[in-house]
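Student: here is a sequence with its predicted model. Questions after.
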Amino acid sequence: MKITAARIKNFLAKPDAGIAGVLIYGPDQGLVAERAEALAKAIVDDPSDPFRTASITGAALKQDPARLADEAGAISFAPSGGGSRRLVRLRQATDDAAPVINDYLATATTDALVIADAGSLGPRSKLRKLFEKAKNAAALACYEDGGQALGQVISETLGRHDLTASPDARAFLAGHLGSDRAVTRMELEKLALYMGRPGRVELDDAMAAIGDSAATSIDAVVFAAASGDAPALDATLRRAFGEGAQPVTVLRAAARYIMRLHRAAGLVARGRSPTDAMKMLRPPVIYLHQEMFAAQLRQWGSNELSRALDILLDAELACKTTGMPANEVSGRALLRISQAARAANRRSPISRQGGRG
């Protein structure tokens, strides 16, 4: 069965008694790890206890398919004398594991819980469909934090250090964090260490603590592409890749930014001023970027932004499936965005207004 977002917290704290296997998957591997650990602690007090737990990799299971049932069927030697469920962690699972897990679930008891973690799995994934459809299994997805979820992580993490954030600081954090839960928490802990004492985090504080991360280089790439500045795009893209930025990460950052422009363009088309549109976005555009964002908003139309988003999504798919050099694929896509921005800027305001229809 699928575990919906509204049910995840309760499920992790107290998984259904009849569940023998849980798949935790998604692009946010930090969140996958965090949720898998939370679920493990709901089963055993110490997930590292060798008498109560076992760990198998997807590669090891492929070499020895019988190991899953053997580990799940082993007797748990709890300090109190037994009686508690055994925990089996299946790490880095792929579709190759689906037949083995299917056979296991067909005869599994609830004496053990198998927690499988995996990366991104599409709707057609054999592994994902197995856990979603089996009566004694469950699947929950871990996507990038955004909006309310990211805001909650920021508030909770800073709150543990008696810190709050100004609106601009919160908007900056929301714009630079969220792609990986573990990285988000690490960066927020770094910010708390930078602050050194309880209080209010201002924009300058957030930029000083987090602004030197790879996210800043990626931002520069995105801003250059959306503004139609090809020379700046070339320079910033070289720097970002040189600092270790991944092509798919850059493409996703660009897609998120284009989507924000698209939402704002829709608000303007319905009669809002650019300033009001920027304030209505969540998170709102921070004041340092408002002039640039407003200029891009005047430059792009909704239809053009939709086409730009298609270019970015197609490029991400090509990076994952074609075998072509991902740096080149992403670079060409961003150059097309830059060219589209320059073309949009050359059009008259009348034609751009028509493009928003």
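Tutor: Alright, I've got the coordinates.

Student: tell me where the stretch 251-357 of the chain has helices.
Tutor: Along the stretch 251-357 of the chain, counting by DSSP state H, counting those that start in this stretch, helices occupy 274-280, 287-299, 302-321, 326-346, 349-355.

Student: those helices: which one's closest to V114?
Tutor: If you check each of the helices of the stretch 251-357 of the chain against V114 by Cβ to Cβ, helix 302-321 wins as the nearest, at 27.5 Å. Where you see a C-beta, it was placed from the backbone N, CA and C, and this is true even at glycine.

Student: packing partners of the closest one?
Tutor: Helix 302-321 sits against helix 247-269, helix 326-346, helix 349-355, with contacts defined as 3 or more Cβ pairs under 8 Å, 6 or more residues apart in numbering; DSSP states H and E.

Student: turn those into CSV, including distance to R35.
Tutor: Formatted as CSV, the helices and strands packed on helix 302-321 follow (distance: least, Cβ to Cβ, whole Å):
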stretch, distance to R35
helix 247-269, 21
helix 326-346, 28
helix 349-355, 42
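
Student: point out the most buried one among these.
Tutor: helix 247-269 (a mean of 21; mean count of other Cβ atoms under 10 Å).

Student: tilt between it and helix 287-299?
Tutor: 70 degrees (axes from the mean of the first three to the mean of the last three Cα atoms, to 10 degrees).

Student: and helix 247-269, how far from the chain's centre?
Tutor: Per Cα atoms, centre = their mean, to the nearest Å, the displacement of helix 247-269 from the mean C-alpha position of its chain is 16 Å.

Student: how near is the residue nearest the centre of the chain to E328?
Tutor: Residue closest to the mean C-alpha point of the chain, counted by Cα atoms, centre = their mean, is E144 at 2.1 Å. E144 sits at a distance of 25 Å from E328 (criterion: Cβ to Cβ, to the nearest Å).

Student: for T322, same thing?
Tutor: 11 Å.

Student: thinking again about what came up before, including mean pLDDT and distance to H262, could the helices of the stretch 251-357 of the chain go into TSV?
Tutor: Shown next, in TSV, are the helices of the stretch 251-357 of the chain (pLDDT from 0 to 100; distance: least, Cβ to Cβ, whole Å):
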stretch	mean pLDDT	distance to H262
helix 274-280	87	11
helix 287-299	86	10
helix 302-321	93	4
helix 326-346	90	13
helix 349-355	41	12
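
Student: turn these into CSV, columns for distance to A98.
Tutor: Listed next are those as CSV, based on distance: least, Cβ to Cβ, whole Å:
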stretch, distance to A98
helix 274-280, 44
helix 287-299, 45
helix 302-321, 20
helix 326-346, 27
helix 349-355, 46
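
Student: these: which one's closest to A36?
Tutor: Comparing the helices of the stretch 251-357 of the chain by Cβ to Cβ, helix 302-321 comes nearest, at 23.5 Å.

Student: show me the contact partners of that closest one.
Tutor: For helix 302-321, contacts defined as Cβ atoms under 8 Å, 6 or more residues apart in numbering pick out 247-248, 251-252, 254-255, 258-259, 261-262, 265-266, 269, 300, 324, 326, 329-330, 332-333, 336-337, 340, 344, 355-357.

Student: quick one, that helix and helix 247-269 angle?
Tutor: Using the same axes, to 10 degrees: helix 302-321 against helix 247-269 is 170 degrees.

Student: roughly how far is helix 302-321 from the heart of the chain?
Tutor: On Cα atoms, centre = their mean, the centre of helix 302-321 falls 18 Å from that of its chain.

Student: buried set for it?
Tutor: For helix 302-321, burial by neighbour count (16 or more other Cβ atoms under 10 Å) applies to S302, E304, L305, A308, L309, I311, L312, A315, E316, A318, C319.
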